[in-house]
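Visitor: my questions concern the predicted model and sequence given below.
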Amino acid sequence: MYEIQKLPNGLRVITEHLPYVRSVSIGIWLGTGSMHEKPSENGLSHFLEHMLFKGTDKRTARSVAEEMDRVGAQINAFTSKECTCYYAKAVDEHLATAFDVLSDLVLNASLPEDELNKERGVILEEIAMQEDSPEDLVHDLLSEAVFRGHPLALPILGTTEKIENYSRADLKKYKDTHYRPNNCVLSVAGNFDKAELWKLIESTLGGWKAEGEDVVVDKPEGFQANLIAKTKDIEQVHICLGFPGVALGSDDSYAISIFNNIYGGGMSSRLFQRIREELGMAYSVYTYPSMMPGIGMMTVYAGTSQQHVEQVLSQLRGETARLIADGVSADEFQMAKEQLKGGFILGLESSSARMSNIGRSLLLLDHVRTETEVLDAIAKVTPEQMMRVAGECVLAPHSATIVGRAAERVPAEWLMS
């Protein structure tokens, strides 16, 4: 069972003691991602995440790596649209080392000028790599199509032009604005001594102070139906369709996840079985729901050859229409439920997964559901609720993106019907 406490400086701390493991995972979750950036700041969340590993007042980038390697610990970070997370995992006896290194990076990063251009080059290569990955590119374009005019449309990595021109002062200003204790959750899961852990927390993060005000992001005005086509001289054509989904924390979140399992979320799903297994028209075809603060999306992806584009899109429409018109069998519905339950339970069998689950939930929703509450909520979903959510999703106007050779010549009606 997890415990939640709040420090006087506003930092929320959530812990889950797992006495049956020998590891401990620590996550420092900050409520800043690409959706919190102004257009003039696009890419700063991710750039800053990279730069924090370049050293502090008492540690160089090399000594950070050596100190963690010396005790067999792992340290890393990621940036998403909703948040940035710095995390470490160590053997329980090395909790103090991992905690000290991680908190030092977040609180005392020096953002050295001589490392700035080197890391700038790394990020520019990352942007180029994404441009060379059409499957990634078509998903980025879908966010641009659906959320046009809102920060959710911005790419997490930023753009080449922006990254080339950011200075150390830009990074420091962004950090001072967003890296604040009341915009942060510390999440710890694993085998630890509670008294020792709290001594570490109070001696490091307890003294964390920051000035400024909370950054408030306006909710998207609504889901947009736009089409973006980008021609690229590649063999396959990559297609994304984006349908309205459900927002993070919605009562329908489990219903849409069950529907996703039936629709295109696994190897037994309707779209995978029809388009890949029966027709052999795509190697990769799948769906997934994205739940964000205030809005959600259901994404359908397929990668196929130029000559099969019309047929694949026709099959997508046909399978979707049949699913909505005919519904699902009791057996299919129950199987999809068991998939969701199994994925949830199996996904929590490590300290790092449990740390991520409780940390992200507390940061973005300000509460955490227990395992029992989640399983009960899944069990309560009815076929009628699932089909209502499915209809609200796939029968609504949608956005579409396509990347490939002659993509701009693919008729809009094929993509937007």
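Guide: Okay, I see it. Numbers count the residues shown, from 1 in each chain.
Visitor: show me the residue at the heart of this structure, geometrically.
Guide: S80 (5.1 Å; CA atoms, centre = their mean).
Visitor: let me know the secondary structure of L248.
Guide: Assigned by DSSP: H, G, I helix; E, B strand; the rest coil, the conformation of L248 is coil.
Visitor: now do the phi/psi pair for it.
Guide: Per-residue torsions, L248: phi -60, psi 130 (degrees, to the nearest 10).
Visitor: bridging residues for the residue lying closest to it once chain neighbours are set aside?
Guide: In space, and not counting its chain neighbours, L248 is closest to M291: 4.2 Å by CB to CB, 6 or more residues apart in numbering. Every C-beta, even on glycine, is put in place using the N, C-alpha and C of the backbone. Bridge pairing for M291 (DSSP bridges) gives the partners G296.
Visitor: can I assume M291 is in contact with P244?
Guide: No - contact between M291 and P244 fails when scored by CB atoms under 8 Å: they sit 11.8 Å apart.
Visitor: correct me, but the residue nearest to the centre of the chain touches L30?
Guide: No - S80 is not in contact with L30 according to CB under 8 Å; the separation is 10.9 Å.
Visitor: contacts only, for L171.
Guide: Contacts for L171 (CB atoms under 8 Å, 6 or more residues apart in numbering) come out as L44, F47, L48, M51, L111, L116.
Visitor: list phi and psi for the residue lying closest to the residue nearest to the centre of the chain once chain neighbours are set aside.
Guide: Leaving out its chain neighbours, the residue that sits closest to S80 by CB to CB, 6+ apart is G33, at 5.0 Å. Note on G33: backbone dihedrals following degrees, to the nearest 10 are phi -150, psi -170.
Visitor: before we move on, back to that, what's the spacing between the residue nearest to the centre of the chain and M292?
Guide: Distance of S80 to M292, given as CB to CB, to the nearest Å: 10 Å.
Visitor: next: E373.
Guide: E373 sits 22 Å away from M292, going by CB to CB.
Visitor: and the two? Which one has more around it.
Guide: Applying other CB atoms under 10 Å to E373 and M292 shows that M292 carries more neighbours, namely 21 against 10.
Visitor: in contact with the residue lying closest to the more buried one once chain neighbours are set aside: list those residues for me.
Guide: Excluding its sequence neighbours, the residue lying closest to M292 (CB to CB, 6+ apart) is L248, at 5.6 Å. For L248, the contacting residues are M291, M292, P293, G294, G296, L364, L365, by CB under 8 Å, 6+ apart.
Visitor: check contacts around T231.
Guide: By CB under 8 Å, 6+ apart, the contact set of T231 is G404, R405, A406, A407, E408.
Visitor: format those residues as a markdown table; extra columns: distance to A145, pLDDT and neighbour count.
Guide: Shown next, in a markdown table, are those (distance: CB to CB, whole Å; pLDDT from 0 to 100; neighbours: other CB atoms under 10 Å):
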| residue | distance to A145 | pLDDT | neighbour count |
| --- | --- | --- | --- |
| G404 | 16 | 96 | 25 |
| R405 | 20 | 93 | 14 |
| A406 | 19 | 88 | 14 |
| A407 | 14 | 93 | 23 |
| E408 | 14 | 92 | 10 |
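Visitor: now these as a markdown table including secondary structure and distance to E278?
Guide: Below are the contacts of T231 laid out as a markdown table (DSSP: H, G, I helix; E, B strand; the rest coil; distance: CB to CB, whole Å):
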| residue | secondary structure | distance to E278 |
| --- | --- | --- |
| G404 | strand | 23 |
| R405 | coil | 26 |
| A406 | coil | 27 |
| A407 | helix | 26 |
| E408 | helix | 30 |
